[in-house]
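**Q** show me how the following folds:
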Amino acid sequence: MTTAFDVQPAAIDEIVAFLRGALGDRVNTSRAVREQHARGEALDTHLPADVVAWPRDKHEVCAILARCNALGVPVIGYGAGSSLEGHVSAPFGGVCLDMSLMNSLITIHAEDGDCVVQPGITREDLNSQLKGTGLFFPVDPGANASIGGMASTRASGTTTIRYGSMQHNVMAMEVALADGTLVRLGTRARKSSAGFDLLHLMIGAEGTLGIITELTLRLHPLPSNVAAASCAFPTLHDAVATVTELVMSGAQMARMEFLDEHQVRACNLHSKLGLPEKPTLFLEFHGSETAVREQAELAQEVAASNGGIDFKWATHPEDRTQFWRARHMAYFAALALRPGCVCIVADVCVPISALADAVSQAREDIDREGLVAPILGHVGDGNFHVLFLAMPDAPQEREAVDRVYAAMVDRALAAGGTCTGEHGIGMGKKTKLIAEVGQPVVDLMRDTKRAWDPKSILNPGKIF
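**A** Model (predicted):
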């Protein structure tokens, strides 16, 4: 629900005084810091909170929420600032809770394949601390996001085709509700039939139902063998058709990433890859030596049948790292194609059988409108992104972007897909959510929000 807050200056003064008393120097009201915390990666909507606070533990989070709820002051959770839909913007002011100091790996249960973490730990730091255990946390959205933020947006990424998204890898969490009550959702058991599944309601709620203070994560064994490859194709359709065939063949891919020729060019310039500037797949295989060899041979055979050329293997860790570092930096590489631009990121996901047509039609629309917009994505699960690079002082470009984006969403929904595969709704996709699920379902979401957060203090202005 979009609640029109009328937060009185006296309430802000009171909450700032409370925060200074409770947190000391872990409070900042300077405009520069507040604006920094209002910025995600892409959406050009940056509305700062009135104050930024850094809690160190769940008790401080609960105390802050209780006071903010009593005063009717909004609270916006902040992880690593890597979200793409304006999730950290504060349209009604209030308190930004920066969770970066709550960044501990609390416990590892190696024999059970799980661990307990605080929400501010980043995925790279978590996996660094897991070295030596033989386990890793696989969800890899590209950015070095915080685990709490990844859960809040139901993030996925390059490894989803094999290991699943956050909804498959969060087993339990501790959540501070709007009034400061602390609750636990889920268990460390691998299954449960105990009542409503509120854990998975929180995963993807974008901070609108509570502030996550702790997460229990599923871990996976490190693969004994890893191989990666790149393969170029004559056309975009050939590359994506290869993806569809590989998925339908039952091949156990660990990663399957697509970059069109524009994105390959950007990555070549940014990351010095030297790849042919053609539609390209990045592939990775995990498993036993025999399994990796068999899956890799199958992938090479399917790629060749679709015109795949220049199949390059990366068997050494440093070569694989170069591939995936380039993929992770694709957003920034694309921005460098057009200095001074803003980037509007489309994030649709379709059934795998509809993927080739969806990507091809998006490229046709982009070219017809004369836009600069590389295409890439985690295509193994039908998810692809268009990075629309538009100049901020060119309203006609933004109108063209809106037309192409709307057509992409319409086609995705018509094919049984979604307007957002992994980035969430935030401030940028509210109308697209209504188009996807319908007004009655959005109303049910609003009713759920009212039950959890009657005063709507938690990340207001998002989703609805």
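
**Q** tell me where the model's unsure across this protein.
**A** Along the chain, the model assigns pLDDT under 70 to residues 1-4, 41-45.

**Q** helix or strand right after the longest helix seen in it?
**A** Ranked by residue count, the top helix of the chain under DSSP state H comes out as helix 395-414. Note on helix 395-414: by DSSP states H and E, the next helix or strand toward the C-terminus is helix 430-437.

**Q** that next one to helix 395-414, inter-axis angle?
**A** 20 degrees (axes from the mean of the first three to the mean of the last three Cα atoms, to 10 degrees).

**Q** could you point out which element follows helix 430-437?
**A** Of the helices and strands lying after helix 430-437 in sequence (DSSP H and E), the nearest is helix 439-452.

**Q** what about residue 415, how many neighbours?
**A** Residue 415: 18 surrounding residues under other Cβ atoms under 10 Å. C-beta here means a position set from N, CA and C on the backbone, and glycine is covered the same way.

**Q** identify the residues contacting it.
**A** By Cβ atoms under 8 Å, 6 or more residues apart in numbering, residue 415 lies in contact with 350-351, 354, 358.

**Q** residue boundaries of the strands in the stretch 101-250 of the chain?
**A** For the stretch 101-250 of the chain, the strands defined by DSSP state E, counting those that start in this stretch cover 105-109, 114-117, 135-136, 170-176, 182-186, 211-218, 220-221, 225-232.

**Q** neighbouring strands of the fifth one in the sheet, and parallel or not?
**A** Sheet neighbours of strand 182-186, with direction, are listed as strand 170-176 (antiparallel) (DSSP bridges).

**Q** so how far is the partner strand off the chain centroid?
**A** Taking Cα atoms, centre = their mean, to the nearest Å, one finds strand 170-176 lying 18 Å from the centre of the chain it belongs to.

**Q** give me the residues contacting that strand.
**A** Contacts of strand 170-176 (Cβ under 8 Å, 6+ apart): 58, 61-62, 65, 114, 151, 182-188, 190, 199, 202-203, 209-218.

**Q** show me the domain layout of the chain.
**A** 105-221, 225-331, 338-424 (automatic domain parsing).

**Q** would CSV of those with distance to residue 442 be doable?
**A** CSV is the format used below for the domains of the chain (distance: least, Cβ to Cβ, whole Å):
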stretch, distance to residue 442
domain 105-221, 13
domain 225-331, 29
domain 338-424, 13
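
**Q** looking at the ones you listed, which is nearest to residue 455?
**A** Judged by Cβ to Cβ, the one of the domains of the chain that comes nearest to residue 455 is domain 105-221, at 6.7 Å.

**Q** now do that closest one: distance from first to last residue.
**A** 18 Å (Cα to Cα, to the nearest Å).

**Q** returning to that earlier point: report the buried residues of the longest helix of the chain.
**A** Residues 397-398, 400-401, 404-406, 408-409, 411-413 are the ones in helix 395-414 that count as buried (16 or more other Cβ atoms under 10 Å).

**Q** quick check, nearest of the residues you listed to residue 259?
**A** Closest to residue 259 out of the buried residues of helix 395-414 is residue 408 (17.7 Å), distances taken as Cβ to Cβ.

**Q** any idea how far residue 218 is from the spatially closest residue to residue 149 that is not a sequence neighbour?
**A** What sits nearest to residue 149 in space, not counting adjacent residues and going by Cβ to Cβ, 6 or more residues apart in numbering, is residue 79, at 3.1 Å. Taking Cβ to Cβ, to the nearest Å as the measure, residue 79 falls 20 Å from residue 218.

**Q** give me the more crowded residue out of these two.
**A** residue 79 (29 against 20).

**Q** right, and the more buried one touches residue 145 too?
**A** Yes: Residue 79 is within contact range of residue 145, at 6.5 Å (criterion: Cβ atoms under 8 Å).

**Q** mind listing what's buried along stretch 282-291?
**A** For stretch 282-291, burial by neighbour count (16+ other Cβ under 10 Å) applies to 282-287.

**Q** can you give me the end-to-end span of it?
**A** Stretch 282-291 end-to-end distance (Cα to Cα) = 18 Å.

**Q** from the chain's centroid, how far away is it?
**A** Relative to its parent chain, stretch 282-291 has a centroid offset of 25 Å by Cα atoms, centre = their mean.

**Q** isn't residue 334 up against residue 266?
**A** Yes: in this structure, residue 334 is within contact of residue 266 by Cβ under 8 Å, at 4.9 Å.

**Q** what touches both of these two?
**A** Common neighbours of residue 334 and residue 266 (Cβ under 8 Å, 6+ apart) are residue 374.

**Q** who touches stretch 101-120?
**A** 26, 54-58, 61, 79, 99-100, 121-122, 125-126, 129-130, 133-135, 137, 146-149, 151, 171, 188, 212-221.
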